[in-house]
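Asker: Dropping the sequence and predicted coords here.
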Amino acid sequence: MLDINSQVKEILDCRPDAISDEVLSSNQPLVLRGLASSWPMVTAAEHSGARAAEYLSNFDSGKPLTAMVGDAEMAGRIFYNSDLSGFNFEYQRLRLAEVLEQLSSNAGNSAPSTLYVGSTNVDHWLPGFRQHNDLNLGERNPVVSVWVGNRSRIAAHYDFPTNIACSVAGRRRFILFPPDQLDNLYIGPLDVTPAGQPISLVDFNAPDYQRYPKFRQALQSAQTVELAPGDAILIPSMWWHHVEALDDFNVLVNYWWRSTPHYLGGPLNVLQHAILGLRDLPPEQREVWKQLFDYYIFSPDAESIKHIPEHARGVLNPIDAETAKQLRSMLAQKLNH
């Protein structure tokens, strides 16, 4: 196990219907002990994994899920194959009843095959579940997802939205790093990833310090925590997190929300477009564009556009939904030429 000295700060006495704005807007990770302990799903899980699976099955929509399936040799690590040309698992379409049956048959196996259902919309696939198993996030409009599987290891990655992840069956171990550890985590490809986000190539169970020497520096900034059923963790936007499910049956429910409107789009799209249009320019041209990005994006100053009449500022004015729609349409046309 990695030698990590810092534990994630804990907040006690948080209730699912009364989470403070101070907690929800934290720029540091927070453990919310017992946040979901009153959920019927957690009560079932505290009795047994079988009882938790039975409870979950009550909300089965019957619609097929996307599952990641792999053999025992992968030891739960959802990752690439040996040369990063593909993955060490295959995707299968399974119904929840099939997933639960396979997890039950694998329970108690010291070297089980891996079965992992990630980021599945709760309202679509488990209608009614949130009626008695939910958080009140006020005016925020989160995307609520469920994750189901046996023992698994999810490589360190970031999410753009802020995240509250509730462990509702089984235990989960989180290892977190601040965003500035990007260079020390040895991130893999941007465009081919196991689950959408770029991931660290370091195997946290057996780090190769000769190949990834700066990972030792990352560990100096790491924080860790183990969650029991009913516990939750708040992960701020862009914090790297490695997640390990520790038991034969594990379920996590998470809430993602962003601090800006959805119509503004995703920053990763901007990064990918910049790779296409900027990265391979001559150095002196890249430097000019860096200054332009600083001027308009990273250090905008109201004084710098004061000389333009407000009605003529176009996208230099605050972006609303209609302007965003027009801007996306213009970009799509230009990209297609």
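Answerer: Looks like it arrived, so ask away. Numbers count the residues shown, from 1 in each chain.

Asker: could you point out where the stretch 1-150 of the chain is predicted with low confidence?
Answerer: The model of the stretch 1-150 of the chain has no residue with pLDDT under 70.

Asker: what's the single longest helix in the chain?
Answerer: Ordering each helix of the chain by length in residues (DSSP state H) puts helix 321-335 first.

Asker: beta partners for I233?
Answerer: Judged by DSSP bridges, the bridge partners of I233 are V31, A165.

Asker: got a list of what it touches?
Answerer: Going by Cβ atoms under 8 Å, 6 or more residues apart in numbering, I233 touches V8, P29, L30, V31, L32, I164, A165, F174, V225, L227. (Each C-beta comes from the backbone N, C-alpha and C, glycine too.)

Asker: Also V69?
Answerer: Contacts for V69 (Cβ under 8 Å, 6+ apart) come out as F89, E90, Y91, Q92, S113, T114, L115, Y116.

Asker: ok, now with 10 Å
Answerer: Applying Cβ atoms under 10 Å, 6 or more residues apart in numbering, we find V69 in contact with 89-92, 94, 99, 102, 113-117, 149.

Asker: Can you classify the residue nearest to it when sequence neighbours are not counted by secondary structure?
Answerer: Leaving aside its sequence neighbours, V69 sits nearest to Q92 (Cβ to Cβ, 6 or more residues apart in numbering; 5.0 Å). When classified by DSSP: H, G, I helix; E, B strand; the rest coil, Q92 comes out as strand.

Asker: Check A53 too.
Answerer: Assigned by three-state DSSP, the conformation of A53 is helix.

Asker: ok, the nearest residue to D134 once chain neighbours are set aside - contacts?
Answerer: Once flanking residues are discounted, D134 sits nearest to P16: 6.9 Å by Cβ to Cβ, 6+ apart. Going by Cβ under 10 Å, 6+ apart, P16 touches 32, 34-39, 133-137, 166, 232.

Asker: just P300 next, same as before
Answerer: When contacts are counted by Cβ under 10 Å, 6+ apart, P300 touches D294, L316.

Asker: pLDDT score assigned to it?
Answerer: Listed pLDDT for P300 reads 84.

Asker: Surely it is within a strand?
Answerer: No: per three-state DSSP, P300 lies outside any strand segment and is coil.

Asker: For it, grab phi and psi.
Answerer: Dihedral pair for P300: phi -70, psi 140, per degrees, to the nearest 10.

Asker: Relative to N141, how far out is the residue most central in space within the chain?
Answerer: Nearest to the geometric centre of the chain sits D159, at 4.3 Å (Cα atoms, centre = their mean). Computed as Cβ to Cβ, to the nearest Å, the D159 to N141 distance reads 16 Å.

Asker: and if you look at G230?
Answerer: Applying Cβ to Cβ, the value for G230 to N141 is 25 Å.

Asker: With neighbour numbers in mind, choose between the two.
Answerer: In this view G230 and N141 are compared by other Cβ atoms under 10 Å, and G230 has more residues nearby, 22 against 10.

Asker: thought the more buried one was touching T43?
Answerer: Yes: using Cβ atoms under 10 Å, G230 is in contact with T43, at 8.9 Å.

Asker: Please identify every residue contacting each of the two.
Answerer: S37, V168.

Asker: you'd agree Q7 is up against L30?
Answerer: No: the pair Q7 / L30 is not scored as a contact, 11.4 Å apart, by Cβ under 10 Å.

Asker: Flag every buried residue along stretch 151-162.
Answerer: R151, S152, R153, I154, A155, A156, H157, Y158, D159, P161, T162 (16 or more other Cβ atoms under 10 Å).

Asker: Could you give the number of residues near the spatially closest residue to the third one that is not a sequence neighbour?
Answerer: Right, R153. Sequence neighbours aside, R77 is the residue nearest to R153 in space, at 4.5 Å (criterion: Cβ to Cβ, 6+ apart). Residues contacting R77 under the criterion other Cβ under 10 Å number 21.

Asker: Q7 and L30: which is more packed in?
Answerer: Shown here are Q7 and L30; by other Cβ under 10 Å, L30 has more neighbours (21 against 11).

Asker: tell me the contacts of the closest residue to that one other than its chain neighbours?
Answerer: Spatial nearest neighbour of L30, excluding adjacent residues (Cβ to Cβ, 6+ apart): L234 at 4.5 Å. Contact analysis of L234 by Cβ under 10 Å, 6+ apart lists 8-9, 11, 14, 19, 23-26, 28-32, 35, 162-165, 255.

Asker: quick one, strands of the stretch 151-300 of the chain?
Answerer: Using DSSP state E, counting those that start in this stretch, the strands of the stretch 151-300 of the chain run over 152-157, 162-169, 172-177, 223-227, 232-235, 240-245, 250-257.

Asker: mind showing which ranges of the stretch 151-300 of the chain have poor pLDDT?
Answerer: Within the stretch 151-300 of the chain, no stretch has pLDDT under 70.

Asker: quick one: the residue nearest to E46 when sequence neighbours are not counted from P178, how far?
Answerer: Spatial nearest neighbour of E46, excluding adjacent residues (Cβ to Cβ, 6+ apart): P229 at 5.9 Å. P229 sits at a distance of 28 Å from P178 (criterion: Cβ to Cβ).

Asker: which of those two has more neighbours?
Answerer: Between P229 and P178, counting by other Cβ under 10 Å, P229 is the more crowded of the two (25 against 17).
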